[in-house]
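Trainee: Need coordinates for the below:
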Amino acid sequence: MTYLTYDEYKGYGGNLSEQDFTLAEFKARKRIDYLTDSRVQHMAEVPEAVKLCIMALIKVDGKIGVDALADKPLLASYNTDGYSESYGSAEAQIAALQKSADSTIREMLYGEQDDFGVPLLYRGVYPY
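Mentor: The predicted structure is shown next:
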């Protein structure tokens, strides 16, 4: 089950090819599943907030994701006098990506509930 179809993605203004979108949607969906304890999987209909969150995660991953960083690492510092550049460590950049993705999910899914009225971000014991 995908949370966002390719047609919906294109409707929101997405520009990835269908092949690239498939992997990007999968990665974003798994990140959401991790922080929501897979609650969205069991819902009758995927909420609009989740779909928009997938869009945001795909954009974040495309700009500063692991694959993007492999092609073009983020510049950590730059000095014009003696012209020097330094790049941050891959581990630090990946940690920053994960923090950014988690923050995006928490902000966009705050207050959203599953079909049983349980907040998607609730990490405690199921009340049902």
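
Trainee: Spatially central residue in this structure, please.
Mentor: Nearest to the centroid of the C-alpha atoms of the chain, with distances taken as C-alpha atoms, centre = their mean, sits Leu57, at 2.7 Å.

Trainee: Helix, strand, or coil at the residue lying closest to that one once chain neighbours are set aside?
Mentor: Computed as C-beta to C-beta, 6 or more residues apart in numbering, the closest residue to Leu57 that is not its neighbour in sequence is Ala28, at 3.8 Å. Every C-beta, even on glycine, is put in place using the N, C-alpha and C of the backbone. Per DSSP: H, G, I helix; E, B strand; the rest coil, the local secondary structure of Ala28 is helix.

Trainee: I'd assumed Val118 was in contact with Gly111.
Mentor: No. With contacts defined as C-beta atoms under 8 Å, Gly111 does not count as touching Val118, sitting 12.0 Å away.

Trainee: quick one: which of these two has more around it?
Mentor: Between Gly111 and Val118, counted using other C-beta atoms under 10 Å, the more crowded position is Val118 (16 against 9).

Trainee: My guess is that one contacts Asp37. True?
Mentor: No. With contacts defined as C-beta under 8 Å, Val118 does not count as touching Asp37, sitting 9.4 Å away.
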